[in-house]
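Visitor: Show me how the following folds:
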Amino acid sequence: MATIVAFPIMIFLLIIQTVVISRLPLLEGTADLILLALVAWALQERVPNPWVWTLIGGGLVSFISALPFPTPVLGYLMATGIARVLQKRVWQMPILAMFVATVVGTVLYQTLSILVLRFLGTSLIWGECISLVILPSILLNSLLSLPVYAVVVDFAGMLYPDRVEV
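Guide: Okay, here's the model as predicted:
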């Protein structure tokens, strides 16, 4: 059931990201709703397998992105992996884990994107990439991480309700 629901949710988030969020940049950086949703989803204890959602989200972003196909998928898999590790280690403070996973996931995803673009021949200057893209993206993702986390916690509770023992 949860896997079937992943498609419309990820498509909805992708539409919001491309239509609304991408039009609100800070310098050259923008927030990444898909990344935030996947990190928040991976931090939920009751979610058995966040990797399917990550593959769906990464695949959908790959269709609309100018990056080569495996780049968004690999970047989101790294962010989900960090969130799962933090969920196991910092399980009593999920908000802290959300902020740390958001920052680390954003840095990894943006760095991977820049490396791929440089490999493909785009002339990018590291200093400008860091100050104009990565740092503003970290700030925007950090600002949106708390509301996204709250929505994902409620949604995970609806999809995976706690079992009541009789």
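Visitor: pretty sure residue 41 contacts residue 50?
Guide: Yes. Contact criterion C-beta atoms under 8 Å: residue 41 and residue 50 qualify, at 5.0 Å. Yep, even glycine has a C-beta here, placed from its N, CA and C like the rest.
Visitor: Distance of the most centrally placed residue in the chain relative to residue 76?
Guide: What sits nearest the mean C-alpha location of the chain, by C-alpha atoms, centre = their mean, is residue 35, with 1.0 Å. Note on residue 35: its distance to residue 76, by C-beta to C-beta, to the nearest Å, is 6 Å.
Visitor: Identify the contacts common to the two.
Guide: Common contacts of residue 35 and residue 76 (C-beta atoms under 8 Å, 6 or more residues apart in numbering): residue 109.
Visitor: what about the residue nearest to residue 94 when sequence neighbours are not counted, how many neighbours?
Guide: With sequence-adjacent residues excluded and distances taken as C-beta to C-beta, 6 or more residues apart in numbering, residue 94 is closest to residue 43, at 5.5 Å. For residue 43, the neighbour count with other C-beta atoms under 10 Å is 25.
Visitor: you'd agree residue 43 is up against residue 83?
Guide: Yes. Assessed by C-beta under 8 Å, residue 43 is found in contact with residue 83 at 5.2 Å.
Visitor: Which neighbours do those two have in common?
Guide: In contact with both residue 43 and residue 83: 97, 101, using C-beta under 8 Å, 6+ apart.
Visitor: All the helices of this structure, residue numbers only.
Guide: For the chain, the helices defined by DSSP state H cover 2-19, 33-42, 51-64, 70-89, 94-119, 126-129, 135-159.
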